[in-house]
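Trainee: Quick one, structure for this:
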Amino acid sequence: MINEFKDFIARGNVVDMAVGIIIGAAFTAIVSSLVGDLINPIIALVTGGIDFSGWFYALNGETYPSLTAATEAGAPVFAIGKFVMAVINFLIIAFVVFMLVKMVNRIKQAAEKEAEEAPAEAAPAGPTELDILMEIRDALKKA
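Mentor: Coordinates of the predicted model:
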């Protein structure tokens, strides 16, 4: 079982996946900051001061000054603002991944085009069939 686990971990796919997950986690923190610190204030400015992060609805019918106060009171809430932020995060991440894949595809296409354009090395010219038959004929004459 230990050997199978070592073989599983040693595969390149597992290592690549682990690196991707670590980079993804770091990237998520960057995107969350981008949305929370840069995009949401711009949206709030455009919409007349609406702050999506604090947008919620208490299901128990009571009114709370903030989402934090409602959750501390134990009230069930629809945290609509958190959902909107998650959607914005997703759209930004999806766009960046799209751009990354597009860039990688361009690099691959350029490399493939370069490989096609490079002249293939000519195979060393070997003896023709006629040359081999003549050698056999000459060898038979000597024998």
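
Trainee: Please make it C-alpha for all contacts and neighbour counts, starting now.
Mentor: OK.

Trainee: so which strand or helix has Met99?
Mentor: Assigned by DSSP states H and E, Met99 falls within helix 80-117.

Trainee: And the average pLDDT for that helix is what?
Mentor: Mean pLDDT, computed over helix 80-117, is 83.

Trainee: mind listing what's buried in that helix?
Mentor: Gly81, Met85, Ile88, Asn89, Ile92, Ile93 (16 or more other Cα atoms under 10 Å).

Trainee: right, and the helix or strand after the one helix or strand Ala26 maps to?
Mentor: Using DSSP H and E, Ala26 sits in helix 12-33. Where DSSP H and E defines the elements, the next helix or strand beyond helix 12-33 is helix 40-46.

Trainee: May I see the buried residues of that following helix?
Mentor: Residues of helix 40-46 classed as buried under the neighbour-count rule (16+ other Cα under 10 Å) are Asn40, Pro41.

Trainee: and the gap between the most centrally placed residue in the chain and Ala18?
Mentor: In the chain, the residue lying closest to the centroid (Cα atoms, centre = their mean) is Val97, at 5.1 Å. Distance of Val97 to Ala18, computed by Cα to Cα, to the nearest Å: 17 Å.

Trainee: so where is the chain shaky, pLDDT-wise?
Mentor: Scanning the chain for pLDDT under 70 picks out the ranges 12, 50-51, 118-124.

Trainee: ends of stretch 34-42, how far apart?
Mentor: For stretch 34-42, the end-to-end distance is 11 Å (Cα to Cα).

Trainee: What lies in contact with that stretch?
Mentor: Stretch 34-42 is contacted by residues Asp51, Phe52, Met85, Ile88, Asn89 when judged by Cα atoms under 8 Å, 6 or more residues apart in numbering.

Trainee: so who does the last one touch?
Mentor: For Asn89, the contacting residues are Val31, Ser32, Val35, taking Cα under 8 Å, 6+ apart as the criterion.

Trainee: for those, which one is nearest Arg137?
Mentor: For these, the residue nearest Arg137 by Cα to Cα is Val31; the value is 78.6 Å.
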